[in-house]
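>>> Output the structure for:
(4 chains)
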Number of protein chains: 2
Amino acid sequence: MQHLEQAVEQHLATAGVRLTQGRRSTINALATMHGPRTAAEIHAQVDGTVPLSSLYRSLSVLTDVDVLSAQHGSDGVIRFELAEWITGHHHHLICTSCGTVVDVTPTVDQEKSMEQIVEKMAHEAGFDVSGHRFEIEGTCRTCR
Amino acid sequence: MQHLEQAVEQHLATAGVRLTQGRRSTINALATMHGPRTAAEIHAQVDGTVPLSSLYRSLSVLTDVDVLSAQHGSDGVIRFELAEWITGHHHHLICTSCGTVVDVTPTVDQEKSMEQIVEKMAHEAGFDVSGHRFEIEGTCRTCR
DNA sequence: TTCCTTGCAAACGATTTGCATTGGA
DNA sequence: TCCAATGCAAATCGTTTGCAAGGAA
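Now for the predicted structure:
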């Protein structure tokens, strides 16, 4: 995890953003939690040491500089996770019952197939593809 | 569009839900607008004839009985559209420049490939798949 | 008539922001 | 030092809800 910290530190320095105590623990919390987490969950994980308002501000800044990525869940709550250049490329399994989001990493073949399909569909509509989001909905093991 | 109205009417009757004036115009508005729309947009489209609170309640009921589907955008706002059994299965091309959302329908082969991949990825994580959402971001023809 | 629906207004709750204070490089 | 970052409290705003009145079956 030292490498991660250094890489992130470097990344933030380049972006001209300070790596403060609060931001450090926010990032560490997310690194520990594996997968998208809400501000409230992170707030609990850091044991309330970072006020929610400050936490939201940090999350916003960290997302802006691409250390985190954000997604809006069907429960209307934003979940944050480490950016893909840190965690690696993946997609999301979303439990329609409890809202939990789990990361899944496609195999190289799977990813290649998906990209091909994306490219083809978009091309016919005259779109220049810049990215895609693939979300699988279903029921997780514990909710079933 | 007569067929649509009858089918929906039937659907609602079976579900024990009344097709009222407000609901009728809500559904018609969405049928006209093609693609996911926010409550505010629908409210404007029906020219304010349906109060926002009532509109939200209708949208909620209609989503529950699967006449509409809802999705939470990256701006934190809920967008509604006619359910896929009405519009047909499709995915979304989202222009990151102008925000336009275009529906794209995958070919049978494309859809089959995607479902296979989805099934495989989800199964390993212990998920029961109920559906998937594929959103392609990029630049549309007119914005390019 | 019987309830499901509506309208209005008030409540909610996640997220954002103003402002004075603190702390990192 | 100097300005970004913080903490607190108040404000936002999309969405939800209580309750009495209205309308579909």
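
>>> Regarding the residue positioned nearest the centre of chain A, what is its secondary structure?
The residue lying closest to the centre of chain A (C-alpha atoms, centre = their mean) is A:Glu81, at 2.9 Å. When classified by DSSP: H, G, I helix; E, B strand; the rest coil, A:Glu81 comes out as strand.

>>> just checking, it touches A:Pro36?
Yes: with contact defined as C-beta atoms under 8 Å, A:Glu81 reaches A:Pro36; the gap is 4.5 Å. To be clear about C-beta, it is placed using only N, CA and C from the backbone, and glycine gets the same treatment.

>>> For A:Val67, see how far away the residue nearest to the centre of chain A is.
In this view, A:Glu81 and A:Val67 are 10 Å apart by C-beta to C-beta, to the nearest Å.

>>> show me what contacts A:Gly22?
A:Gly22 makes contacts with A:49-50, A:54-55, A:58, as judged by C-beta atoms under 8 Å, 6 or more residues apart in numbering or on different chains.

>>> wait, which of those is closest to DNA strand D?
For those, the minimum distance to DNA strand D (C-beta to the nearest atom of the strand) is 3.3 Å, reached by A:Ser54.

>>> Contact partners for that closest one?
A:Gly22.

>>> Could you do A:His72 as well?
A:78-79, B:72-76.

>>> pLDDT score assigned to it?
Reported pLDDT at A:His72 in the predicted model: 90.

>>> Which strand in chain A has the most residues?
Looking across chain A with DSSP state E, the single longest strand is strand A:128-139.

>>> Does that one reach chain B?
Yes: against chain B, strand A:128-139 shows contacts by C-beta under 8 Å from any C-beta of the partner chain at A:128-139.

>>> Would you mind measuring from A:Val50 to A:Arg24?
A:Val50 is 10 Å from A:Arg24, by C-beta to C-beta.

>>> more crowded one of those two?
Counted by other C-beta atoms under 10 Å in any protein chain shown, A:Val50 and A:Arg24 do not tie: A:Val50 has more neighbours, with 23 against 14.

>>> In contact with that one, which residues?
A:22, A:25-26, A:43, A:58.

>>> Format the residues you listed as JSON lines; extra columns: secondary structure and distance to A:Val102.
Formatted as JSON lines, the contacts of A:Val50 follow (DSSP: H, G, I helix; E, B strand; the rest coil; distance: C-beta to C-beta, whole Å):
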{"residue": "A:Gly22", "secondary structure": "helix", "distance to A:Val102": "27"}
{"residue": "A:Ser25", "secondary structure": "helix", "distance to A:Val102": "24"}
{"residue": "A:Thr26", "secondary structure": "helix", "distance to A:Val102": "21"}
{"residue": "A:His43", "secondary structure": "helix", "distance to A:Val102": "21"}
{"residue": "A:Ser58", "secondary structure": "helix", "distance to A:Val102": "24"}
